[in-house]
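>>> One predicted model, sequence on top.
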Number of protein chains: 6
Amino acid sequence: MNEADTPRLSHLDEQGHAQMVDVGAKPETQREAVARGAVLMQPATLRLIVAGALPKGDVLAVARVAGIMAAKRTPDLIPLCHTLLLTNVAVDFTPQHATADTPDSTLHIEALVRTRGQTGVEMEALTAVSVAALTIYDMCKAVDKGMRISDIRLVQKRGGQSGAWVLEE
Amino acid sequence: MNEADTPRLSHLDEQGHAQMVDVGAKPETQREAVARGAVLMQPATLRLIVAGALPKGDVLAVARVAGIMAAKRTPDLIPLCHTLLLTNVAVDFTPQHATADTPDSTLHIEALVRTRGQTGVEMEALTAVSVAALTIYDMCKAVDKGMRISDIRLVQKRGGQSGAWVLEE
Amino acid sequence: MNEADTPRLSHLDEQGHAQMVDVGAKPETQREAVARGAVLMQPATLRLIVAGALPKGDVLAVARVAGIMAAKRTPDLIPLCHTLLLTNVAVDFTPQHATADTPDSTLHIEALVRTRGQTGVEMEALTAVSVAALTIYDMCKAVDKGMRISDIRLVQKRGGQSGAWVLEE
Amino acid sequence: MNEADTPRLSHLDEQGHAQMVDVGAKPETQREAVARGAVLMQPATLRLIVAGALPKGDVLAVARVAGIMAAKRTPDLIPLCHTLLLTNVAVDFTPQHATADTPDSTLHIEALVRTRGQTGVEMEALTAVSVAALTIYDMCKAVDKGMRISDIRLVQKRGGQSGAWVLEE
Amino acid sequence: MNEADTPRLSHLDEQGHAQMVDVGAKPETQREAVARGAVLMQPATLRLIVAGALPKGDVLAVARVAGIMAAKRTPDLIPLCHTLLLTNVAVDFTPQHATADTPDSTLHIEALVRTRGQTGVEMEALTAVSVAALTIYDMCKAVDKGMRISDIRLVQKRGGQSGAWVLEE
Amino acid sequence: MNEADTPRLSHLDEQGHAQMVDVGAKPETQREAVARGAVLMQPATLRLIVAGALPKGDVLAVARVAGIMAAKRTPDLIPLCHTLLLTNVAVDFTPQHATADTPDSTLHIEALVRTRGQTGVEMEALTAVSVAALTIYDMCKAVDKGMRISDIRLVQKRGGQSGAWVLEE
């Protein structure tokens, strides 16, 4: 691939300087993005968190709120991200306990974000997953500092010029 | 392990309700935390980013600033995190190009955070890595939506009552 | 009222987890909300504040600005609140001096908020009143720590599917 | 009381202009403040909320998180308030169901805030109560628009030059 | 000019109290604003900054990001400013080295902001320039405390009721 | 001056990458900074503003609040700036009406900021002046779009290793 064929990153201008992408000419459409991620942890840690879904505690409730609030603040965090009016944000958790084959337990996180606007909500969904995961880490770090946040990725998006996109997994 | 032996998460009170940990009785000490993470991507994407370290572009410069600013805003994002006066934040990147064995290229991210305070800066370091990684995703998503943010973890901490801790990798 | 008849809170999903209400299918309409509240205080405190409406001071000017700014930041404060583009925010104060029957003096606060959007601005109006009241407390607490913020309520809303609503007082 | 005897508000300078109080000469001491408030509502609304303390829902968990986060952001909201490093924030709820004499049900809110610093945390405690109350309103407004936030007041403070203070109720 | 002819500031109501201008009746149109400013400095300081445009450093990259992010946060900073969804923000720098006639060197800053909305983006463009200039100062103050930020002004606006406006220079 | 003698900007590391300066080893001392700036405008505009200092309006009260609040948010705006606990912020205005020699009128702005900390408050003082000036522009732009914000500079600092510094004017 020679220089002339190199694609250019849309967030850099011709001199390589950071820029917001001008979305002023794009039509407003319904848009949706789904992102996922995981927190890997010791089996005992996941048991403590899941206990929190019972009346004994609310680790997941706090992480869900943190993820939803972070989605709304995405343009404050990601420098070249446009401000959008989110019409929906949902964050969900699915625990997966360790087995003989996989010694770590895993807490799966999924975020769904919707808007009607001129650009997509991928970053909002990814930010919601990331901050929910960080909150899980914060609330459990006293018992398990070795937790890992892993595999944060966009799994699907809909709406906009480029149409639907689904991650091949 | 019976109920009486179960460790309790310090961010939950006896009824399981979320609480900040009271750090008022802890002494102020020098504290430091190092966190790492990675963004997995197509080989062509990493080549575009690394080109940005040259005069042609500044993807990494933008991601570094985003990570540093996010570290300072950690208590706004993580609900039960204490506000601290950070004395130092540094974010660094190391590219690792794909090989025959590993078809993905990887951008490694490391954040170092220091403070003098009553509680540690693990969350600030992890947040800096996460937001730097999200910024990389944002700036490159037009060419590579399938990037994955992976393996965000604390690698070492120093200072405070519990002393030094190093991740066994 | 048996279980089957129980209304469900729209901010909780079927499992009782917090969620933003999906407003994506709602039409954009002109919306308006008016909220009111009061700060009860010693008669001498209100006299000091009212003096501030004269060239001698600007307690009310500061509280007005604080209320207007807080209305704009409502989605940062109220976890499940949607971001909206407010087209108007106004905050007004009416002093009511103590009488023989009512030994406390009262500063009445009213906020009006308007938008064109997919959901209402009740929370923005209530937040403006609350933060204006907190600012009054802050500026006068050196002379009157016993002030009370009271009777913050929505008094009317217009626009949207459910139409107009007026508080019966 | 003649002009010369009039106390001056510490947040206004001699010309009546807003100012932060200079706390630079005050010693750092342990400080604590407790504030309380109440949300008055229909009996059915409180029953829905209390159900949320069970596995069926998490209205109170969300309001608690909102209150804690708001305490940390007090200096962003209250114009002349100093930034402090809070060492502890706790928010608690006590439901009081309607009786024959009091037709409204009441959700009582209490916030405790601690710091070691040069000025007190009254505003942080009052802000935590206010934002927790607003969040309760937000989550229940679909079923009860007539809720009232009432009687937000400081009930006690400790530490600092002026020593302990307890509200006479 | 007698009292009756005096124009009234649109951000003050008839009593002179601060108010947001009600833009609810204005049509949504494409709007654009360009602002400029300058930082005056010692010749050696500008040489250090310009060196940063080379691989050796990234002063301008950091200032550009700061300006873009500040544009998005304008309504958090300027009390009576409306929140808008910016579709584009760009910040550029032009160095002008000292000459025999002008002993100071100058870094010129220009910001372009676009939106589709009910009110203009002058404040966003001016805020981007101001915060980019402050960031330049911050990054160079160790070598040149005497830098001056100067001549921040709107140079042109388009769109909206009042039509195009160009500064006469 | 050859390469070896070139001073390096403290906010860039050896590779020219942005970094916060590590202030962890600096002692906490009392620190103070004073910054000034000016807004140049048509004579009629200044007369409208000054009228606002009377009961007829509160342009200056709003700008003062905006400046004080911005000082507290400086580390959110300036990427490499440390968070500090400000013990005092004051913002003052001095009008200077046009004369035969100077056809523009000028509103002079001065900000004083104090802290006890490990690094100085120059950026906080400069940010307070800048945001107060931007607020003046915002409130008066309907009558005078050609206003210019000018000559924002540090005029003095005290405290810290490098001791006192006064601008030579």
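Right, received. Where do you want to start? Treat the numbers as computed from the prediction; the structure is a model and nothing was measured.

>>> Measure how buried residue A:164 is and give me the count.
Neighbours of residue A:164 under the rule other Cβ atoms under 10 Å in any protein chain shown: 10. In short, each C-beta sits where N, CA and C put it, glycine included.

>>> Quick check: it vs residue A:34, distance?
11 Å (Cβ to Cβ, to the nearest Å).

>>> The longest helix seen in chain A: what's the following helix or strand?
The longest helix of chain A (DSSP state H) is helix A:122-140. On the C-terminal side of helix A:122-140, the nearest following helix or strand under DSSP states H and E is strand A:148-158.

>>> Just checking that next one against chain C, any contact.
No: no part of strand A:148-158 sits near chain C under the criterion Cβ under 8 Å from any Cβ of the partner chain; the closest distance found is 12.1 Å.

>>> The helix or strand that that strand is followed by near chain B at all?
Using DSSP H and E, the next helix or strand after strand A:148-158 towards the C-terminus is strand A:165-166. Yes: in terms of Cβ under 8 Å from any Cβ, part of strand A:165-166 sits within range of chain B, namely residue A:165.

>>> thinking again about what came up before, run the angle between the longest helix of chain A and strand A:148-158 for me.
Put simply, helix A:122-140 runs at 150 degrees to strand A:148-158, going by axes from the mean of the first three to the mean of the last three Cα atoms, to 10 degrees.

>>> any idea how far helix A:122-140 is from the chain center?
7 Å (Cα atoms, centre = their mean, to the nearest Å).

>>> wait, does that helix make contact with chain C?
No: Helix A:122-140 lies apart from chain C when judged by Cβ under 8 Å from any Cβ; the minimum separation is 10.9 Å.

>>> Can I get that helix in CSV? Just the C-alpha atoms.
Extracted in CSV, the C-alpha atoms of helix A:122-140 (Å, rounded to 0.1, in the frame of the first residue of the first chain):
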residue,chain,number,x,y,z
GLU,A,122,-20.6,4.3,19.7
MET,A,123,-18.4,6.3,22.1
GLU,A,124,-21.3,6.7,24.6
ALA,A,125,-21.9,3.0,24.7
LEU,A,126,-18.2,2.2,25.1
THR,A,127,-17.8,4.9,27.8
ALA,A,128,-20.8,3.5,29.7
VAL,A,129,-19.2,0.0,29.7
SER,A,130,-15.8,1.3,30.7
VAL,A,131,-17.0,3.4,33.6
ALA,A,132,-19.3,0.7,34.9
ALA,A,133,-16.3,-1.6,34.8
LEU,A,134,-14.1,0.9,36.6
THR,A,135,-16.8,1.3,39.3
ILE,A,136,-16.9,-2.5,39.8
TYR,A,137,-13.2,-2.4,40.3
ASP,A,138,-13.4,0.4,42.7
MET,A,139,-16.0,-1.3,44.9
CYS,A,140,-14.2,-4.6,45.0
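
>>> between residue A:164 and residue A:34, what contacts are shared?
A:156-157 (Cβ atoms under 8 Å, 6 or more residues apart in numbering or on different chains).

>>> before we move on, the earlier item: does chain B sit close to the longest helix of chain A?
Yes: shown here: helix A:122-140 in contact with chain B (Cβ under 8 Å from any Cβ) through A:122-123, A:126-127, A:130-131, A:133-135, A:137-140.
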